[in-house]
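Visitor: Below are the sequence and a predicted model; questions follow.
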Amino acid sequence: MRVRFPCASVVRPLGAAVLSRPAMKSGSRRIVEVLGGQVEVGAEVVIEGWVRTRRDSKAGLSFVHVHDGSCFAPLQVVAPGALANYEAEVLRLTSGCSVRVRGVVVESQGKGQALEVEARALEVLGWVEDPDTYPMPQKRHSMEHLRTYAHLRPRTNLIGAITRVRHTLAQAVHRFFDARGFYWIHTPIVTTSDAEGAGEMFRVSTLDLANLPRTPEGAIDFTQDFFGREAFLTVSGQLNVEAYCLAMSRVYTFGPTFRAENSHTRRHLAEFWMIEPELAFAALDDDVALAVDFLKSIFGALLEERADDLGFFASHVDTAEPRCIERLERLVRADFERMSYGDAIAHLEKAATKFEFPVRWGVDLQSEHERWLTEEVVRGPVVVTDYPREIKAFYMRQNEDGRTVAAMDVLAPGIGEIIGGSQREERLDVLDARIREMGLDPSHYGWYRDLRRYGTVPHAGFGLGFERAIQYATGVDNIRDVIPFPRAAGQAEF
RNA sequence: UCCGGGAUAGCUCAGUGGUAGAGCGAUCGGCUGUUAACCGAUUGGUCGCAGGUUCAAAUCCUGCUCCCGGAGCCA
């Protein structure tokens, strides 16, 4: 995918954010305030930002487009030749220079912007030392190139837009839960539980790798390690948040999560952010309803608050049909399709396509199957429920049929599983039997079993990969481009 | 981890054994209330690294490193 780097010529509708003036600055305004009409025409303002483009007119003035991150559109600064430093500095401005501009807000004589700032003074705060090798000049860049300059890529239209979308979605997540009485639980990053069972874990240790302490039997002696036992980075906050759920009733986590899988795909990171609500006195249907309500709410907020950035994704980035704005609008309005795993298998068995992995009841859905369901059968997101117990985690609640569990996945076109959740097994005897059945030892699940021993209640929850939600919302192909500094197998620069 | 593709100018790429190319960028000039600006000129290379074959290697062979896509794992 190629993305055009230079500023778009069309001013998009601005976000709804109303910015208050920062207390520590005198008269300095963010560009979104000026372009959003929050500053009167004729008023003097100070603008601080980075030059994106400069065009000179031999009428003796220059047009300098400046970004400060506050919105998608640039501010056009008109720099008259009468400026004291016009010849010496303004005519030497290149993409990437940082500037402070004092000027007057005026109606633009040109097309492409309604308002602009006529400079009375333009101060260069920082030059670009060699414009020929500046990695972010005004031209098209490949995503791969941007990725190798993770520290400079936020200066591009694309990464700037992603950054604002990511922020807006994060805020919408917290607002959604807060409005419904959910408490944000800061579950631990470091875990000593080897029971999370959601993939390979990163070890956390202060032991000297070159000189490991040994037990008499020759094993590594973790009692001498920092925590007195083996420790890892969390792969899920779910088990911990269940404890708070069975006291606070409605809780959620929103934090970093780590998987040491050696994955090389556009959908995987070693460090990513996950959102995991947990709802007490609830069954699977409540969980599905919460998930659907959640997706509609956060994407609805995004449509309202970041129309400028979404317009850019729809016109320059997204290649799926329908493009992101229409896709999100449909999702916000639509009733979500829902089907059981059994029905999904039936659909797949009827499919005209021959799958690489043959379909039969009992197999887990492969990427190709999820794609068929979302892109061909439903043509949109779909909730699949009641999976075979053999392919799901030990904590999921067993259904009456004895062969399925109360699990649900929300599948989205182009992304695959965007949400995975379940009703949890609240019956201690059933949970213990399940743990043993999977060859695990109930004694390792002490505190988790306590939750079933003392005042257990039906409860349910789900997990949502935050970056995948951003991918879905923007149409950005590679997950490494929707997180500021991606960490993946073999990649932790910056 | 497996399968496939790739690494040549600041960027994106062409170049299948015989003197290293284009577009974009950058620089300079022309033109213009400009806005993917336009026109002209200039600049720009240890062809990923290490070996090998050959009179001759960006090109063929071997190994390595890294990147991209897909699969698995999963969110």
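Guide: Cool, the structure landed.

Visitor: looking at it, A:P135 is touching A:L152, isn't it?
Guide: Yes: with contact defined as CB atoms under 8 Å, A:P135 and A:L152 form a contacting pair (5.6 Å). No exception for glycine: its C-beta is placed from N, CA and C like everyone else's.

Visitor: all helices of chain A, in order?
Guide: For chain A, the helices defined by DSSP state H occupy A:31-35, A:143-147, A:157-179, A:238-248, A:284-305, A:307-312, A:324-333, A:341-350, A:367-371, A:428-437, A:446-453, A:466-474.

Visitor: could you say what helices and strands the second one packs with?
Guide: Contacts defined by 3 or more CB pairs under 8 Å, 6 or more residues apart in numbering; DSSP states H and E place helix A:143-147 against no helix or strand at all.

Visitor: right, is it up against RNA strand B?
Guide: Yes: using CB under 7 Å from any atom of the strand, a contact is recorded between helix A:143-147 and RNA strand B, made by A:144-145, A:147.

Visitor: residues contacting the residue of chain A most remote from its centre?
Guide: Distance from the C-alpha centroid of chain A, by CA atoms, centre = their mean, peaks at A:P216 (47.2 Å). The contact partners of A:P216, by CB atoms under 8 Å, 6 or more residues apart in numbering, come to none.

Visitor: how close does it get to RNA strand B?
Guide: Note on A:P216: its distance to RNA strand B, by CB to the nearest atom of the strand, to the nearest Å, is 33 Å.

Visitor: Out of the helices of chain A, which is the most enclosed?
Guide: Looking across these with neighbours counted as mean count of other CB atoms under 10 Å, the highest average goes to helix A:466-474: a mean of 24.

Visitor: got the phi/psi numbers for whatever residue of the stretch 51-200 of chain A ends up closest to RNA strand B?
Guide: Using CB to the nearest atom of the strand, A:G110 is the residue of the stretch 51-200 of chain A that sits closest to RNA strand B, at 2.1 Å. The phi and psi values for A:G110, taken as degrees, to the nearest 10, are phi -100, psi 170.

Visitor: Now do the contacts for it.
Guide: A:63, A:76, A:116.

Visitor: Apart from its neighbours in sequence, what residue is nearest A:P131?
Guide: Once flanking residues are discounted, A:P131 sits nearest to A:T94: 4.2 Å by CB to CB, 6 or more residues apart in numbering.

Visitor: and what of A:S249?
Guide: A:S249 sits nearest to A:A280 (CB to CB, 6+ apart), 4.5 Å away.

Visitor: Kindly format the C-alpha coordinates of stretch A:264-271 as PDB.
Guide: Output in PDB follows, covering the C-alpha atoms of stretch A:264-271 (Å, rounded to 0.1, in the frame of the first residue of the first chain):
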ATOM      1  CA  HIS A 264       5.200 -13.000  11.200                       C
ATOM      2  CA  THR A 265       1.900 -11.700  10.100                       C
ATOM      3  CA  ARG A 266       0.300  -8.300   9.600                       C
ATOM      4  CA  ARG A 267      -2.100  -9.100  12.500                       C
ATOM      5  CA  HIS A 268       0.300 -10.000  15.300                       C
ATOM      6  CA  LEU A 269       2.500  -8.100  17.700                       C
ATOM      7  CA  ALA A 270       4.600  -9.300  20.700                       C
ATOM      8  CA  GLU A 271       3.300  -6.300  22.700                       C
END
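
Visitor: Averaged pLDDT, stretch A:449-457. What do you get?
Guide: Throughout stretch A:449-457, pLDDT has a mean value of 96.

Visitor: Centre of the chain to it, how far?
Guide: From the chain centre to the centre of stretch A:449-457 is a distance of 34 Å (CA atoms, centre = their mean, to the nearest Å).

Visitor: Quick one: end-to-end length of it, please.
Guide: 13 Å (CA to CA, to the nearest Å).

Visitor: And for stretch A:414-427?
Guide: With CA to CA as the measure, the first residue of stretch A:414-427 is 37 Å from its last.

Visitor: and it, how far out from the chain's middle?
Guide: Distance, stretch centre to chain centre, for stretch A:414-427: 18 Å (CA atoms, centre = their mean).

Visitor: got it, and stretch A:125-139?
Guide: 29 Å.

Visitor: Other residues contacting it?
Guide: Residues from elsewhere that reach stretch A:125-139, judged by CB under 8 Å, 6+ apart: A:5-6, A:48, A:52-53, A:92, A:94-100, A:145, A:149, A:152-153, A:155-156.

Visitor: Try it again at 6 Å.
Guide: Stretch A:125-139 has contacts (CB atoms under 6 Å, 6 or more residues apart in numbering) with A:5-6, A:53, A:94-98, A:100, A:149, A:152, A:155.
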